[in-house]
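> Structure for this input, please:
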Amino acid sequence: MKVPDILAELRSQANPKNVAGMARFGINAKNTLGVSIPALRALTKRIRKDSKGTKERHELAKELWQTELHEARILAGMVDEPLLVTEKQMDAWIRDFDSWDICDQVCMNLFDKTPFALDKAIEWTARSPEFEKRSGFALMACLSWHDKKAEDSRFSQFFPSIKAESQDERNFVKKAVNWALRQIGKRNAFLRKQAIICAKEIQKLDSRSARWIAGDALRELTNSKK
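As a prediction, this is how the structure comes out:
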């Protein structure tokens, strides 16, 4: 499938009611059609079946990203090839993030599978722009969720960044910090203990955001039923 064909199909599935609903959940409605994630996944399968190989899908993903269409960018993260993605591309894409769902979808569908994921997760948490910083913590959460075989030390090194940025009051940052902390803690008993220690340290900080992050994480991580 070519980009014009893909865009035509996306526009044929446009749903203004979905756009309004997405806006209520803090999703940027600019250049948004309201196409559902399941529909994008179905389209991804067709694109992969139709493509001639990894290089073609990689080039297609870059073209889709350049359209600036909300759903096309999420789709780009779904069809791209992790081993062909460069650090330069990753840094360029996060600068374009303008909504939390694009950030999270690209991190969980593409970035966490690249060879640069670990370093980028830590690096991006030190960025200033809201969605660039969120990308670092979203990537930490996604790695914790998807990389089942990684050693505990890989995730323990995330705790200093989580604590350092826990006082950021911006909504989409603090929620991602909380997400990363909880997701790391849910990997196993050892990391749960480490995450609880980190949360208790964060709880002592003189920050409304830090107290919320810590309190919410502790409720989940100290609940034996979860």
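> okay, CA-based contacts and neighbour counts for the rest of this
Noted.
> Nearest to the spatial middle of this protein, which residue is it?
Nearest to the centroid of the C-alpha atoms of the chain, with distances taken as CA atoms, centre = their mean, sits residue 104, at 2.3 Å.
> and it, how far is that from residue 192?
Noted for residue 104: a distance of 23 Å to residue 192, by CA to CA, to the nearest Å.
> Output the contacting helices and strands for the helix or strand where residue 134 lies.
Secondary structure from DSSP states H and E places residue 134 in helix 130-146. Counting contacts by 3 or more CA pairs under 8 Å, 6 or more residues apart in numbering; DSSP states H and E, helix 130-146 packs against helix 87-96, helix 100-109, helix 117-124, helix 171-185.
> looking at the ones you listed, which is buried most?
helix 171-185 (a mean of 24; mean count of other CA atoms under 10 Å).
> Please report the distance of the residue nearest to the centre of the chain from residue 133.
Between residue 104 and residue 133 the computed distance is 12 Å (CA to CA).
> Would you mind splitting this structure into its domains for me?
Domain segmentation of the chain under automatic domain parsing yields 1-84, 88-226.
> Contact partners for residue 137?
The contact partners of residue 137, by CA atoms under 8 Å, 6 or more residues apart in numbering, come to 121, 125, 162, 176-177, 179-180.
> Just checking, which helix or strand of the chain averages the lowest pLDDT?
Ranked by mean pLDDT, DSSP states H and E, the helix or strand of the chain with the weakest confidence is helix 16-24, at a mean of 87.
> Name the next helix or strand downstream of it, please.
Counting by DSSP H and E, the element after helix 16-24 in chain order, helix or strand, is helix 37-50.
> Please point out which parts of that following helix sit buried.
In terms of neighbour count (16 or more other CA atoms under 10 Å), helix 37-50 has its buried residues at 40, 43-44, 47-48.
> cool, stretch 65-72 as well?
For stretch 65-72, the neighbour count (16+ other CA under 10 Å) marks 65, 69-72 as buried.
> and residue 162, how far is that from residue 41?
With CA to CA as the criterion, residue 162 and residue 41 are 31 Å apart.
> Please work out the average pLDDT along stretch 130-146.
Mean pLDDT, stretch 130-146: 96.
> Stretch 107-121 too?
Taken as a whole, stretch 107-121 has an average pLDDT of 96.
> what distance separates the start and the end of that stretch?
Using CA to CA, the end-to-end distance of stretch 107-121 comes to 10 Å.
> Residues contacting that stretch, please?
Here stretch 107-121 has contacts from 77-78, 80-83, 85, 87, 90, 135-140, 142-143, 154, using CA under 8 Å, 6+ apart.
> just stretch 167-179 next, same as before
Counting by CA under 8 Å, 6+ apart, 100, 130-131, 133-134, 137-138, 141, 162, 165-166, 205, 207-210, 213-214, 216-217 sit against stretch 167-179.
> Name the residues of stretch 8-26 that come out as buried.
Buried residues in stretch 8-26, counting neighbours by 16+ other CA under 10 Å, are found at 10, 14, 18-19, 22.
> Over to stretch 135-150?
135-145.
> Turn those residues into JSON lines, including distance to residue 199.
Converted to JSON lines, the buried residues of stretch 135-150 look like this (distance: CA to CA, whole Å):
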{"residue": "135", "distance to residue 199": "20"}
{"residue": "136", "distance to residue 199": "18"}
{"residue": "137", "distance to residue 199": "15"}
{"residue": "138", "distance to residue 199": "18"}
{"residue": "139", "distance to residue 199": "19"}
{"residue": "140", "distance to residue 199": "16"}
{"residue": "141", "distance to residue 199": "15"}
{"residue": "142", "distance to residue 199": "19"}
{"residue": "143", "distance to residue 199": "19"}
{"residue": "144", "distance to residue 199": "17"}
{"residue": "145", "distance to residue 199": "19"}
